[in-house]
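>>> Please work out how this folds:
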Amino acid sequence: MSFRGDESGGEDGSVGRSSDLRKPFLHTGSWYRMGAAGGMGSRQSSLMDKLGSSASSIIRDSSVSVVLCVLIVALGPIQFGFTGGYSSPTQSDIISDLGLSLSEFSLFGSLSNVGAMVGAIASGQIAEYMGRKGSLMIASIPNIIGWLAISFSKDTSFLYMGRLLEGFGVGVISYTVPVYIAEISPQNMRGSLGSVNQLSVTIGILLAYLLGMFLPWRLLAVVGVLPCTVLIPGLFFIPESPRWLAKMGMMEDFEASLQVLRGFDTDITAEVNEIKRSVQSTTRRTTIRFSDLKQRRYRLPLMIGIGLLVLQQLSGINGILFYANTIFKAAGVSSSSAATCGLGAIQVLLLELLHGCWIELGDDFSL
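Below is the predicted model:
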């Protein structure tokens, strides 16, 4: 099932496809429909033809297309990491400039977690109703407002409000980005591309630590606006998740999105049928209630899943990342800022090492 197989559609087919250009950007994005239509002889304006042929040539290879999409949405986890790393290099300056007590700054640092809890709880419904791209668009707005509120804050009210908004945004991002990456990735690349999410988080933390050594805290907050500011226009140039489109019954857009992700010359018939079967089986399932989770068959998976998450948080990693600079200073490290950057760099290097190992394992065990 390739777009190129429909070249015989002629003028009648082009009329129907031209209406696709009116579809909302948040669903699929008209630009790649133009790219697909350009291969079928659709008569668009010269500007549209140029855009279409350009998009077609860039994303003809499926791996290139998927990687480009992953790199764009990876700006979300980078924003997540930047939010987590911001409080460490800025603690002393914010306390002195705004006259905060240590407890007031500690509240500022922890409010991002409060906002993230709310965002994470709401993220599932937002992503299902608005789509993966729409969810990321919604998450970007409070992030931008939050960073600006912190940058221009004169007292704790704007400071706290900005931190809460940031937390809500990254809470939505923390759910949506891994789901989007998993849903657009081919099976043989799913594991390696999935690790990009956490790698991007650590890159964001490292950037906050590094830039915090040279920039004042207000300017650093302005820099925090950049990832989501770039992410928003980037979302207009990537396709929506094919699985979400299929689940919503948008079958034409679903196949168009999948064709872009796999390449215009690729036969996607088998994968289209597999996704349709998966969506149909999902819709036939009854809703699982919380009381059903008490059944014996769910106990072990629940214990493992929840246990891993709880142990990760009980390790105290968030507290260390939020206040690493102060911790190193209290430990007597002469250059606490450099030590903090070293901590961020170690995270990135270790995750990159694990990412490489995952690629090797994925290549060996992929079906």
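
>>> Could you give me the buried positions within stretch 74-93?
Of the residues in stretch 74-93, those with enough neighbours to count as buried (16 or more other CB atoms under 10 Å) are 74-91. Every C-beta, even on glycine, is put in place using the N, C-alpha and C of the backbone.

>>> okay, and for the stretch 201-350 of the chain, where does confidence drop off?
282-290 (pLDDT under 70).

>>> And the helices in it, which stretches?
Ranges of helices within the stretch 201-350 of the chain are 217-223, 226-234, 242-247, 251-262, 269-284, 296-314, 317-322, 324-330, 336-365, based on DSSP state H, counting those that start in this stretch.

>>> so of the buried residues of stretch 74-93, which ones are in strands?
Where these are compared with strands, as defined by DSSP state E, there is no overlap at all.

>>> need the contact list for the closest residue to Val223 other than its chain neighbours.
Computed as CB to CB, 6 or more residues apart in numbering, the closest residue to Val223 that is not its neighbour in sequence is Leu211, at 6.0 Å. By CB atoms under 8 Å, 6 or more residues apart in numbering, the contact set of Leu211 is 89, 220, 223.

>>> quick check, nearest of the residues you listed to Ile141?
Within the set of the contacts of Leu211, Val223 lies nearest Ile141; the separation is 17.9 Å, counting by CB to CB.

>>> what are the ranges of the helices in the stretch 51-200 of the chain?
Under DSSP H, counting those that start in this stretch, the stretch 51-200 of the chain gives helices at 62-73, 75-98, 102-151, 156-184, 190-194, 196-212.

>>> would you turn these into TSV with distance to Glu255?
What follows is the helices of the stretch 51-200 of the chain, written out as TSV (distance: least, CB to CB, whole Å):
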stretch	distance to Glu255
helix 62-73	15
helix 75-98	26
helix 102-151	16
helix 156-184	14
helix 190-194	20
helix 196-212	26
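
>>> Between these, which one is closest to Lys329.
Shortest distance between Lys329 and these, using CB to CB, is found for helix 75-98: 8.9 Å.

>>> separation between Leu148 and Leu231?
Shown here: Leu148 relative to Leu231, a distance of 16 Å by CB to CB, to the nearest Å.

>>> Dihedrals phi and psi, Ser153?
Comment: the main-chain dihedrals of Ser153 come out as phi -70, psi 140, following degrees, to the nearest 10.

>>> Skipping adjacent residues, who's closest to Tyr323 in space?
Using CB to CB, 6+ apart and skipping residues adjacent in sequence, the residue nearest Tyr323 is Ser88, 5.9 Å away.

>>> Let's see the pLDDT reported for the one you found.
Ser88 is assigned a pLDDT of 93 by the prediction.

>>> can you check Ser56 too?
As predicted, Ser56 sits at a pLDDT of 43.

>>> Tyr323: which of the helices of the stretch 51-200 of the chain is closest?
For these, proximity to Tyr323 was assessed by CB to CB; helix 75-98 is nearest, at 5.9 Å.
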